[in-house]
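In: Just a sequence and a predicted model for now, questions to come.
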Amino acid sequence: MSQKSTRKTDLPLVRLGLVSPFVDELDRRNINCRDVLSEFNLGKQDVLDGDMFVPAPVMYGIVEQLSMASGDPHFGVSIGGQLDPFSWPPLAEAAEQSTTLGEFLIRFLIDATEHESSVIYVMETKGTRTTFHESRKVDGNILPRHNDGFTVAYLLAILSQALGKQWQGDKVVARLCDPDVLPDGYLEVRTAMTDTFGASINFPCAWLILPLAIKKPRFYKQRQQTKSPLPAKWIEGLRQILQRHIHEFDLTTERVAEICGYSKRTLARKLQAHNTSIQREIAEMGKARAEQQLIHTHRSIAEIAHLLGYSQPTIFSRAFKRWTGCSPRQYRQQFSTEKKPGRAS
């Protein structure tokens with residue numbers, strides 16, 4: 001038996017808010033995470049934005065850097081283990097609607113797809129054993145030690161709470177890219193090494209038919225997900241990523257491929273399939289951002305040029321004239337004239 005989740009888009013995106021437990025724990029330990037977030041052009045306010053998505057490699061890098069800042073070799077595990085997994089709407093709703101562990105895990109596989117597109121959840125049974133695997137689409141050339149630690153601790157918390165008194169840790173095998181991130185004797189589970197494309201837990205398949213031990217408190221129905229869904233199309237996801245990096249001076253195809261976790265060839269092929277290119281997408285976004293800044297802000301031409309990643313205002317001005325047929329200054333003056341009282345709209 002094998003169950004897989006399906007995806008709306010194959011662009012590996014993760015909701016940035018999922019990193020908030022790491023940021024909160026560093027705050028609790030009086031460790032400043034501002035420098036780590038700034039390396040990724042992010043701030044705490046971005047983490048609180050429930051509608052922001054980032055490429056999976058960026059998220060993996062953030063988690064690893066935040067964990068290193070903690071100085072705790074088991075930081076990811078400590079975060080994943082202390083969370084209440086059933087406060088997350090997909091898990092809460094799956095628990096409400098299920099009677100057995102197997103039914104619950106299948107519902108979780110289906111519902112979790114609305115929250116990220118960077119992994120494929122797989123549940124596979126062979127003989128007397130079942131593996132629940134969070135399979136990454138890309139690893140971003142990062143050793144995701146604490147990402148794996150968090151994932152395994154979170155999955156173990158789900159499984160142990162779902163089984164209650166029938167939980168037996170010594171019958172579980174956790175596979176991570178670096179088993180040392182799991183403290184010795186953690187929930188009595190055994191560990192094994194795997195590659196960088198996803199952690200997993202392996203347990204007796206007989207557990208799948210056991211009844212859920214989870215009580216179904218009222219707060220489940222009070223925790224509805226109100227955040228926006230993942231971008232439905234690949235190009236929409238790419239544009240959301242580019243918006244976060246439009247200010248960079250080196251936003252080439254190579255750089256965008258690195259951000260997304262693709263090879264340059266893969267990115268070029270996908271762009272061609274959508275009849276576009278990085279240069280065209282950047283130009284369209286630059287034009288829209290420039291017009292918005294000229295109309296709705298009092299920033300100087302030089303400031304707007306810098307905001308859009310141009311090294312010189314004159315280069316920006318030439319590009320803007322190509323887009324619109326007039327200079328940034330003329331565009332701003334024209335709009336201001338049109339908006340004066342008494343002018344025809």
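Out: Looks like it arrived, so ask away. Numbers count the residues shown, from 1 in each chain.

In: Isn't residue 186 up against residue 80?
Out: No: counting by C-beta atoms under 8 Å, no contact exists between residue 186 and residue 80, whose distance comes to 10.7 Å. The C-beta positions use only the backbone N, C-alpha and C, and glycine is treated the same way.

In: what touches both of those two?
Out: With contacts defined as C-beta atoms under 8 Å, 6 or more residues apart in numbering, the residues shared by residue 186 and residue 80 are residue 153.

In: Which one's more surrounded, these two?
Out: residue 80 (23 against 18; other C-beta atoms under 10 Å).

In: Can you tell me the SS state at the more buried one?
Out: Put simply, residue 80 is helix when judged by DSSP: H, G, I helix; E, B strand; the rest coil.

In: Let me see the contact set for it.
Out: Taking C-beta under 8 Å, 6+ apart as the test, what residue 80 contacts is 149-154, 157.

In: Of the residues you listed, which is the nearest to residue 33?
Out: Among those, residue 150 lies closest to residue 33 (C-beta to C-beta), at 15.7 Å.

In: Checking that closest one next. Helix, strand or coil?
Out: helix.

In: For the contacts of residue 80, pick the one with the most neighbours.
Out: Neighbours were tallied for each of those (criterion: other C-beta under 10 Å), and the maximum of 32 neighbours falls on residue 149.

In: so who does it touch?
Out: When contacts are taken as C-beta under 8 Å, 6+ apart, residue 149 is in contact with 74-77, 80, 176, 181-182.

In: Looking at it now. What's its pLDDT?
Out: Each residue has a pLDDT score; the one for residue 149 is 97.

In: For the nearest residue to it once chain neighbours are set aside, pull up the helix or strand it's in.
Out: Across the structure, with C-beta to C-beta, 6 or more residues apart in numbering as the measure, the residue nearest residue 149 apart from its sequence neighbours is residue 76 (3.3 Å). Using DSSP states H and E, residue 76 maps to helix 75-82.

In: Please apply the same query to residue 59.
Out: helix 56-70.

In: now swap in residue 123 and tell me
Out: strand 119-126.

In: What's the first helix or strand after the lowest-mean-pLDDT helix or strand in the chain?
Out: Ranking every helix and strand in the chain by mean pLDDT, DSSP states H and E puts helix 219-222 at the bottom, with a mean of 42. In the C-terminal direction, the helix or strand that comes right after helix 219-222 (DSSP H and E) is helix 234-245.

In: hang on, the earlier thing: which one of the contacts of residue 80 is nearest residue 56?
Out: The closest of those, once distances to residue 56 are taken by C-beta to C-beta, is residue 151, at 12.8 Å.

In: ok, the closest one touching residue 199?
Out: Yes: between residue 151 and residue 199 there is a contact at 4.5 Å, judged by C-beta under 8 Å.

In: Kindly point out which residues are neighbours of both of those two.
Out: Common contact partners of residue 151 and residue 199 (C-beta under 8 Å, 6+ apart): residue 134.

In: Can you verify residue 192 is assigned to a strand?
Out: Yes: residue assignment for residue 192, taken from three-state DSSP, places it within a strand.

In: Which two of the contacts of residue 149 have the greatest separation?
Out: Across these, the longest distance by C-beta to C-beta is 13.9 Å; it joins 75 and 176.

In: so the helix holding residue 76 versus helix 56-70, what angle?
Out: Helix 75-82 runs at 100 degrees relative to helix 56-70, counting by axes from the mean of the first three to the mean of the last three C-alpha atoms, to 10 degrees.

In: got the buried residues for whichever helix or strand comes after helix 75-82?
Out: Note on helix 75-82: by DSSP H and E, the next helix or strand toward the C-terminus is helix 89-97. With burial defined by 16 or more other C-beta atoms under 10 Å, the residues of helix 89-97 counted as buried are 89-96.

In: Stretch 21-39 now?
Out: If you call a residue buried by 16+ other C-beta under 10 Å, then stretch 21-39 has these buried ones: 21-23, 25-26, 33, 36-37.

In: Just the CA coordinates for that stretch, please, in PDB.
Out: Extracted C-alpha coordinates of stretch 21-39, given in PDB (Å, rounded to 0.1, in the frame of the first residue of the first chain):
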ATOM      1  CA  PRO A  21       8.600  28.500  16.300                       C
ATOM      2  CA  PHE A  22      12.400  28.700  15.800                       C
ATOM      3  CA  VAL A  23      12.300  32.500  16.000                       C
ATOM      4  CA  ASP A  24      10.100  32.400  19.100                       C
ATOM      5  CA  GLU A  25      12.400  30.000  20.900                       C
ATOM      6  CA  LEU A  26      15.400  32.100  20.200                       C
ATOM      7  CA  ASP A  27      13.600  35.100  21.600                       C
ATOM      8  CA  ARG A  28      12.700  33.100  24.700                       C
ATOM      9  CA  ARG A  29      16.400  32.200  25.100                       C
ATOM     10  CA  ASN A  30      17.300  35.900  24.600                       C
ATOM     11  CA  ILE A  31      19.200  35.200  21.400                       C
ATOM     12  CA  ASN A  32      18.900  37.800  18.600                       C
ATOM     13  CA  CYS A  33      17.800  36.300  15.300                       C
ATOM     14  CA  ARG A  34      17.800  39.600  13.400                       C
ATOM     15  CA  ASP A  35      21.200  39.100  11.800                       C
ATOM     16  CA  VAL A  36      20.200  35.600  10.600                       C
ATOM     17  CA  LEU A  37      17.000  36.800   9.000                       C
ATOM     18  CA  SER A  38      18.700  39.800   7.400                       C
ATOM     19  CA  GLU A  39      21.000  37.500   5.500                       C
END
